[in-house]
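Asker: need a structure here:
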Amino acid sequence: MKTDEWIEMLAAGAAPVPAHALERRFGSAVAAGLGGGVVLMLLVFGLRPDLAQTAALPMFWGKLAFAAALAVPGVWALQRLARPGARWVGLAWTLALPVALLWTMAAWALLQQAPADRWALVLGSTWRTCPFNIALLSVPAFIASFWALRGAAPTQLAWAGAGAGLLAGSLGALVYALHCPEMATPFLAVWYVAGMAMPTALGAVLGPRLLRW
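Answerer: Have a look, this model is predicted:
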């Protein structure tokens, strides 16, 4: 078979990809991951009993805003990582800024306390379980994000896997905030970030194995 005939045979029946197909795929992944995380949270942990009263506190919305501030640019970065050669590093500051802001607020809150009281703000009452609970609730979004990437063409597989893990972790933290009793900024700065770092690291390890073409 000649080269031209081989190319014509491979190109037979080819059709253009529908517009915004990748965006819709990632939108479905976010919806599935968020919905799955909510269902898992309700089954395993349940809503905090004083949620209605807690919702009147600014710090409750601060927890949600922090997780959302990582999830939104995380989706943008992941969509770029899903395309060969697309630039995404410029979005890194949008991911680093919420964490840096939270750490700054946590440091300021600790400075306002007596040294003997600072560890209580950092540890809270659930530090032993919080990061693992966030990681658990990130599982549906982790699976959905890798599913979305498998239908794309990422070339930086470790970074793409890490991006999927970060998105999953931020969605897991967003859902966990509906159960978590902790409100102190130093606690969030350590243990929420640790909970999101766990699926991020796992994604970086699994990316080259699960996303190979």
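Asker: so which helix or strand takes in the residue most central in space within the chain?
Answerer: Central residue of the chain (Cα atoms, centre = their mean): L167, 2.1 Å from the mean position. Using DSSP states H and E, L167 sits in helix 157-176.
Asker: distance from that helix to the middle of the chain?
Answerer: 3 Å (Cα atoms, centre = their mean, to the nearest Å).
Asker: what is the mean pLDDT for the helix or strand that it is followed by?
Answerer: Remark: after helix 157-176, the chain's next helix or strand is helix 185-187, criterion DSSP H and E. The average pLDDT for helix 185-187 rounds to 96.
Asker: just the residues contacting helix 185-187, thanks.
Answerer: The contact list for helix 185-187 (Cβ atoms under 8 Å, 6 or more residues apart in numbering) reads 59, 62, 102, 105-106, 109-110, 118, 121-124, 127, 130. Just so you know, the C-beta spots here come from the backbone N, C-alpha and C atoms, and that holds for glycine as well.
Asker: how about stretch 37-45?
Answerer: 47, 133, 136-141, 171-172, 174-176, 178-179.
Asker: going by distance to A92, which of those wins?
Answerer: Closest approach between the contacts of stretch 37-45 and A92, by Cβ to Cβ: L171, at 19.2 Å.
Asker: now stretch 97-105, how far from the chain's geometric center?
Answerer: 17 Å.
Asker: ugh, wrong one, stretch 92-101
Answerer: The answer for stretch 92-101 is 13 Å, by Cα atoms, centre = their mean.
Asker: wait, isn't L22 in contact with R80?
Answerer: No - if you go by Cβ atoms under 8 Å, L22 and R80 don't touch, sitting 10.1 Å apart.
Asker: could you check the angle the host helix or strand of W76 makes with helix 157-176?
Answerer: Using DSSP H and E, W76 falls within helix 58-81. Following axes from the mean of the first three to the mean of the last three Cα atoms, to 10 degrees, one obtains 160 degrees for the angle between helix 58-81 and helix 157-176.
Asker: now do the buried residues in helix 58-81.
Answerer: The neighbour-count check on helix 58-81 (16 or more other Cβ atoms under 10 Å) flags 60, 62-64, 66-75, 77-81 as buried.
Asker: alpha carbons only: can I get it in CSV?
Answerer: C-alpha atoms of helix 58-81 as CSV (Å, rounded to 0.1, in the frame of the first residue of the first chain):
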residue,chain,number,x,y,z
PRO,A,58,-18.1,34.8,57.9
MET,A,59,-15.5,32.2,58.6
PHE,A,60,-17.8,29.5,57.4
TRP,A,61,-18.0,31.2,54.0
GLY,A,62,-14.3,31.8,54.2
LYS,A,63,-13.7,28.0,54.2
LEU,A,64,-15.9,27.6,51.2
ALA,A,65,-14.3,30.6,49.4
PHE,A,66,-10.8,29.2,50.0
ALA,A,67,-11.6,25.8,48.5
ALA,A,68,-13.5,27.4,45.6
ALA,A,69,-10.5,29.8,45.0
LEU,A,70,-8.4,26.7,44.3
ALA,A,71,-11.0,24.7,42.4
VAL,A,72,-11.8,27.4,39.8
PRO,A,73,-8.3,28.1,38.6
GLY,A,74,-7.6,24.4,39.0
VAL,A,75,-10.2,23.6,36.3
TRP,A,76,-8.6,26.2,34.0
ALA,A,77,-5.1,24.8,34.5
LEU,A,78,-6.3,21.3,34.0
GLN,A,79,-8.0,22.2,30.7
ARG,A,80,-4.8,23.6,29.5
LEU,A,81,-2.8,20.6,30.7
